[in-house]
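In: sequence first, then the predicted structure:
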Amino acid sequence: MYADTALPPQPSSSRTIKARHLAETLFVATIGGAAFGIIGVPAGWLSGAMLAVACAALSGRPMYMPLRLTSTILVLIGISLGAVVTPATLHGITTYPVSIIVLVAAMAVIGFAGALYLQKVHGWDRVSAFLGAAPGGLSQVMAVAAELGADMRGIAIVQTMRVVVIAVGLPAGLASFGLVGPVFQTLGGELSLEALPELAILVGVSSALAVLLFYINFPGGLLFGAMLASAVLHGSGLIQAVMPWWVVNAAMIALGAVTGSRFANTSFRMLMSFLVASFGSLGVSIIIGGAAALAMIAVTPFRIADVMIAFAPGSVDAMMLLALALNIDPVYVGAHHLARIFFVSLTTPLVARFAARRVLTPGEKPPKRPKRPFED
């Protein structure tokens with residue numbers, strides 16, 4: 001099994017085997033992602049690929065993703081997430097200060113309550129519990145989990161179930177009450193010759209900052225650096241170009257393959273244990289997030305659907321997809337998820353590292369730093 005993304009140098013015959021396993025992994029991921037994406041499941045390209053590869057890994061197939069490809073995927077995802085930022089969403093943060101503050105407070109409570117639940121009820125270690133309970137930022141969480149040597153299978157299952165249940169269940173619930181319409185759009189844009197210079201600048205600047213943050217050992221530096229650079233360029237209005245939709249979808253599929261491959265060597269009993277933990281953690285998130293959303297609905301004139309999507313503790317890509325797909329106020333929702341993703345991106349690695357230092361025994365060395373980008 002290839003549960004790890006980095007392997008030592010191998011003979012040419014072994015390289016051929018790895019290439020076949022990579023091709024099989026990408027094929028399975030593409031089928032799963034396309035199955036969910038084409039039928040209009042929000043974030044379906046990510047969750048579909050993740051579930052398909054996870055099922056293949058659980059059935060005993062050798063799922064493999066190399067470190068070089070993984071590093072590139074994180075940069076592309078970061079650029080795409082940063083493109084959500086616009087001058088309007090930045091202005092929106094100052095327009096809805098009370099709502100933003102309530103959201104951030106709710107996310108902090110969700111993170112700590114969820115971590116406490118995973119530790120006390122399911123016996124998770126402190127680092128894995130904080131990462132498993134993080135309210136959003138699946139890709140950031142998995143990057144930090146790999147860096148700190150946390151339980152990636154448990155974290156992946158808990159985070160994946162939260163993404164899938166919220167991304168599929170929330171719009172279905174809102175639609176059943178007639179609060180949203182069944183309109184779906186595509187994340188990303190079209191590639192044009194006029195946009196190529198801007199796109200080249202976007203990719204170059206974002207990649208440079210991503211590699212810089214990685215080399216100075218910033219947690220999740222590849223993804224966060226690319227996201228930060230892209231957010232600044234788009235939020236300032238200097239860049240309007242976005243990654244083509246097919247690049248975004250391909251990156252989502254590949255990221256799903258990376259996470260899904262972590263399910264290898266998981267027994268049925270262990271899987272059931274993780275699923276129970278995931279639904280319990282999700283219940284904690286729904287109770288706290290729902291209470292905060294209901295409070296805002298009661299005291300503000302915002303639409304119910306807008307507030308529910310804005311306060312949903314799902315992954316940022318899935319939630320922004322929902323906002324775009326369901327014709328929900330993009331400024332209100334975008335401002336909230338922009339605040340949430342930066343809050344989660346900044347605090348989760350720091351809290352996880354603090355927790356990792358707290359659990360080290362005297363004389364024990366911290367987890368080894370991951371390889372440099374593009375080393376395989």
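Out: That came through, no problem. Numbers count the residues shown, from 1 in each chain.
In: C-terminal to the lowest-mean-pLDDT helix or strand in the chain, what's the next element?
Out: Within the chain, judged by mean pLDDT, DSSP states H and E, the helix or strand with the poorest mean is helix 316-325; its value is a mean of 59. Downstream of helix 316-325, the first helix or strand assigned by DSSP states H and E is helix 330-359.
In: tell me the average confidence for that following helix?
Out: Averaging pLDDT along helix 330-359 yields 74.
In: can you mark which positions in that helix are buried?
Out: By 16 or more other Cβ atoms under 10 Å, the buried positions in helix 330-359 come out as 330-345, 347-349, 351-353, 355-356. In this view, the C-beta of every residue, glycine as well, is placed from N, C-alpha and C.
In: got it, and stretch 240-248?
Out: In stretch 240-248, counting by 16+ other Cβ under 10 Å, buried: Ala241, Val242, Met243, Pro244, Trp245, Val247, Val248.
In: convert the C-alpha atoms of it to CSV, please.
Out: What follows is stretch 240-248, C-alpha atoms only, in CSV (Å, rounded to 0.1, in the frame of the first residue of the first chain):
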residue,chain,number,x,y,z
GLN,A,240,-9.0,39.8,-12.2
ALA,A,241,-7.8,36.6,-13.9
VAL,A,242,-8.7,33.3,-12.2
MET,A,243,-7.6,29.7,-12.7
PRO,A,244,-9.5,28.0,-15.5
TRP,A,245,-12.3,25.8,-14.3
TRP,A,246,-10.7,22.6,-15.7
VAL,A,247,-7.5,23.4,-13.7
VAL,A,248,-9.5,23.9,-10.5
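In: gap between that stretch and the chain center?
Out: 18 Å (Cα atoms, centre = their mean, to the nearest Å).
In: can you tell me which residues contact the closest residue to Gly221 other than its chain neighbours?
Out: Nearest residue to Gly221, sequence neighbours excluded (Cβ to Cβ, 6 or more residues apart in numbering): Leu213, at 3.3 Å. By Cβ atoms under 8 Å, 6 or more residues apart in numbering, Leu213 lies in contact with Gly221, Leu222, Phe224, Gly225.
In: swap in Ala133?
Out: Contact analysis of Ala133 by Cβ under 8 Å, 6+ apart lists Ile110, Gly111, Phe112, Ala113, Gly114, Ala115, Tyr117, Leu118, Val158, Ser281, Val284, Ser285.
In: repeat for Ala29
Out: Ala49, Met50, Ala52, Val53, Ile253, Ala254, Gly256, Ala257, Gly260.
In: sorry, back to before: by neighbour count, which of the contacts of Ala133 wins?
Out: Neighbour count (other Cβ atoms under 10 Å) singles out Val158 as the most crowded of the contacts of Ala133, with 30 neighbours.
In: still on that earlier bit, let's have the contacts of Leu213 in TSV, adding neighbour count and distance to Ile100.
Out: Listed next are these as TSV, based on neighbours: other Cβ atoms under 10 Å; distance: Cβ to Cβ, whole Å:
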residue	neighbour count	distance to Ile100
Gly221	24	26
Leu222	26	27
Phe224	29	20
Gly225	27	24
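In: what two of these are the furthest from one another?
Out: Leu222 and Phe224 (7.5 Å; Cβ to Cβ).
In: show me which of the contacts of Ala133 is closest to Leu202.
Out: Gly111 (31.0 Å).
In: my read: the closest one touches Gly132, true?
Out: No: between Gly111 and Gly132 there is no contact, the gap being 10.0 Å when judged by Cβ atoms under 8 Å.
In: still on that earlier bit, identify the contacts common to Leu222 and Phe224.
Out: With Cβ under 8 Å, 6+ apart as the test, Leu222 and Phe224 both reach Gly78, Ala210, Leu213.
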